[in-house]
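1. How does the following fold in three dimensions:
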Amino acid sequence: MSDTYERVKEVTADLLKIDPAAIRPESRFVEDLGVDSMKSIELIAALDEAFDIETAEEDALKIKTVGAAAAFVDESLAAASGSDLPGGPAPAAS
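-> Residues are numbered from 1 along each chain as shown. Just a heads-up that it's a prediction; the model follows:
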(Lines give C-alpha, C1' and ligand atoms only; values in the text may rest on other atoms or scores of the structure.)
Protein backbone atom coordinates (compact mmCIF):
# COMPACT_ATOMS: atom_id res chain seq x y z
CA MET A 1 0.00 0.00 0.00
CA SER A 2 1.04 3.58 -0.51
CA ASP A 3 2.47 5.87 2.13
CA THR A 4 -0.63 8.03 1.73
CA TYR A 5 -2.92 5.10 2.47
CA GLU A 6 -0.88 4.13 5.53
CA ARG A 7 -1.06 7.70 6.87
CA VAL A 8 -4.82 7.92 6.17
CA LYS A 9 -5.25 4.62 8.02
CA GLU A 10 -3.19 5.91 10.95
CA VAL A 11 -5.15 9.18 11.19
CA THR A 12 -8.43 7.25 10.96
CA ALA A 13 -7.43 4.73 13.62
CA ASP A 14 -6.22 7.48 15.97
CA LEU A 15 -9.39 9.52 15.62
CA LEU A 16 -11.73 6.54 15.96
CA LYS A 17 -9.59 4.88 18.65
CA ILE A 18 -9.55 1.56 16.82
CA ASP A 19 -6.83 -0.92 15.88
CA PRO A 20 -5.29 0.04 12.52
CA ALA A 21 -5.31 -3.66 11.61
CA ALA A 22 -9.11 -3.45 11.47
CA ILE A 23 -8.92 -0.91 8.63
CA ARG A 24 -8.73 -2.02 5.00
CA PRO A 25 -8.81 0.07 1.79
CA GLU A 26 -12.38 -1.10 1.19
CA SER A 27 -13.50 -0.24 4.75
CA ARG A 28 -16.52 2.03 4.53
CA PHE A 29 -16.44 4.89 7.00
CA VAL A 30 -20.12 4.75 7.97
CA GLU A 31 -21.08 1.10 7.56
CA ASP A 32 -17.85 -0.60 8.63
CA LEU A 33 -16.13 1.88 10.94
CA GLY A 34 -19.21 3.49 12.53
CA VAL A 35 -18.36 7.07 11.55
CA ASP A 36 -21.28 9.41 12.21
CA SER A 37 -21.73 12.90 10.75
CA MET A 38 -19.78 14.64 13.53
CA LYS A 39 -16.89 12.17 13.32
CA SER A 40 -16.82 12.55 9.54
CA ILE A 41 -16.27 16.30 9.95
CA GLU A 42 -13.52 15.63 12.49
CA LEU A 43 -11.94 13.03 10.20
CA ILE A 44 -11.87 15.34 7.18
CA ALA A 45 -10.35 18.09 9.35
CA ALA A 46 -7.73 15.66 10.68
CA LEU A 47 -6.82 14.50 7.16
CA ASP A 48 -6.68 18.10 5.91
CA GLU A 49 -4.29 18.94 8.73
CA ALA A 50 -2.17 15.80 8.33
CA PHE A 51 -1.67 16.37 4.61
CA ASP A 52 -1.93 20.18 4.47
CA ILE A 53 -4.85 20.11 2.04
CA GLU A 54 -8.36 21.58 1.99
CA THR A 55 -11.31 19.35 1.25
CA ALA A 56 -14.45 20.99 -0.07
CA GLU A 57 -17.71 19.78 1.46
CA GLU A 58 -18.97 18.40 -1.87
CA ASP A 59 -15.77 16.36 -2.22
CA ALA A 60 -15.95 15.12 1.37
CA LEU A 61 -19.46 13.79 0.77
CA LYS A 62 -18.15 11.60 -2.07
CA ILE A 63 -15.48 9.86 0.04
CA LYS A 64 -16.99 6.60 1.27
CA THR A 65 -14.01 4.32 1.93
CA VAL A 66 -10.53 4.56 3.39
CA GLY A 67 -9.06 3.76 -0.01
CA ALA A 68 -11.11 6.52 -1.62
CA ALA A 69 -9.85 8.94 1.03
CA ALA A 70 -6.25 8.01 0.24
CA ALA A 71 -6.88 8.43 -3.51
CA PHE A 72 -8.48 11.83 -2.87
CA VAL A 73 -5.47 12.92 -0.81
CA ASP A 74 -3.09 11.78 -3.56
CA GLU A 75 -5.12 13.72 -6.15
CA SER A 76 -5.18 16.82 -3.95
CA LEU A 77 -1.44 16.67 -3.36
CA ALA A 78 -0.78 16.18 -7.08
CA ALA A 79 -3.01 19.14 -7.97
CA ALA A 80 -1.28 21.32 -5.39
CA SER A 81 2.14 20.44 -6.81
CA GLY A 82 1.04 20.94 -10.40
CA SER A 83 1.54 17.29 -11.26
CA ASP A 84 -0.90 15.06 -13.09
CA LEU A 85 0.42 12.07 -11.15
CA PRO A 86 0.94 11.63 -7.44
CA GLY A 87 4.54 11.65 -6.37
CA GLY A 88 6.02 14.73 -7.94
CA PRO A 89 5.70 17.98 -9.79
CA ALA A 90 5.02 18.17 -13.49
CA PRO A 91 8.11 18.34 -15.68
CA ALA A 92 9.22 21.84 -16.60
CA ALA A 93 8.23 23.04 -20.06
CA SER A 94 11.15 23.56 -22.41
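2. check contacts around the residue nearest to the spatial centre of the chain.
-> Closest to where the C-alpha atoms of the chain average out (C-alpha atoms, centre = their mean) is A69, at 3.3 Å. For A69, the contacting residues are 8, 12, 29, 47, 63, by C-beta atoms under 8 Å, 6 or more residues apart in numbering. C-beta here means a position set from N, CA and C on the backbone, and glycine is covered the same way.
3. out of these, who has the most neighbours?
-> V8 (28 neighbours; other C-beta atoms under 10 Å).
4. How far away from the center of its chain is the helix or strand containing it?
-> In this structure, V8 is located in helix 3-16 according to DSSP states H and E. On the basis of C-alpha atoms, centre = their mean, to the nearest Å, helix 3-16 sits 8 Å off its chain's mean C-alpha point.
5. Packing partners of that helix?
-> helix 37-51, helix 66-81 (3 or more C-beta pairs under 8 Å, 6 or more residues apart in numbering; DSSP states H and E).
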